[in-house]
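A.B. asks: could you look at this predicted model? Sequence included:
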Amino acid sequence: MQPDPLTGWCHGVTHCPSPNFNARPDGEISLLVIHNISLPPGQFGTGKVNELFLNRLDPAEHPYFAQIAGLTVSAHFLIERDGHVVQFVSCLDRAWHAGASTFCGREGCNDFSIGIELEGTDEQPFTAVQYDRLITLARALRQAYPAISADRVCGHSDIAPGRKTDPGPAFDWSRLAAAGIVHSQRDIGT
């Protein structure tokens, strides 16, 4: 998994371009945000996350889908339970994953971040292969975009406290610390 510096699309992952993106206002890439998602909530391997990010989710198919109908959201990457990695938005563009958010006093984290979704929930452990792929991807992104330092890798809950809880208490930050992706003592500047 290596981002192409000219296109921002990674080699070695599935590309599934989402229409839900726009240009970064300053071109800055200096933050990595980790999320979790499952659709319907708590169900895995349904393909519905892809449909959500592609604006193809059928609101009549599930009561929860009716609640989120009309959302236009995306992330740069999704790591599924089996470790399959899908890229929806070029790293050079702004994906719509963080919403109202603040990092180190700076609002609008979508402007300068890359969003990685893990297929999962706050409460259920993520799979070993998901951590392996996340670490590999995070290393490649940090190499390609050196402004993403170990203290600029965070969870959605860190940049939107009170509004978001993901990646949740089941996420094992110590695995990322052991791999050198984050500091062992996470100090997030929200």
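C.D. replies: Arrived safely.

A.B. asks: strands along this protein, start to end?
C.D. replies: 2-3, 10-11, 14-15, 21-23, 31-37, 77-79, 85-87, 93-95, 102-103, 106-107, 113-119, 153-155 (DSSP state E).

A.B. asks: which residues of the chain score low on pLDDT?
C.D. replies: Confidence mapping of the chain against pLDDT under 70 gives the ranges 185-190.

A.B. asks: for it, what's the longest helix?
C.D. replies: helix 128-144 (DSSP state H).

A.B. asks: can you name every helix or strand that it contacts?
C.D. replies: With contacts taken as 3 or more C-beta pairs under 8 Å, 6 or more residues apart in numbering; DSSP states H and E, helix 128-144 sits against strand 2-3, strand 31-37, strand 77-79, strand 113-119, helix 173-178. Heads up, the C-betas are built off the backbone N, CA and C, glycines and all.

A.B. asks: again, 10 Å this time
C.D. replies: Here helix 128-144 is seen to pack against strand 2-3, strand 10-11, strand 31-37, strand 77-79, strand 85-87, strand 113-119, strand 153-155, helix 173-178 when contacts are counted using 3 or more C-beta pairs under 10 Å, 6 or more residues apart in numbering; DSSP states H and E.

A.B. asks: now the ones you listed as a markdown table including mean neighbour count?
C.D. replies: Formatted as a markdown table, the helices and strands packed on helix 128-144 follow (neighbours: other C-beta atoms under 10 Å):
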| stretch | mean neighbour count |
| --- | --- |
| strand 2-3 | 20 |
| strand 10-11 | 16 |
| strand 31-37 | 24 |
| strand 77-79 | 25 |
| strand 85-87 | 21 |
| strand 113-119 | 26 |
| strand 153-155 | 23 |
| helix 173-178 | 16 |
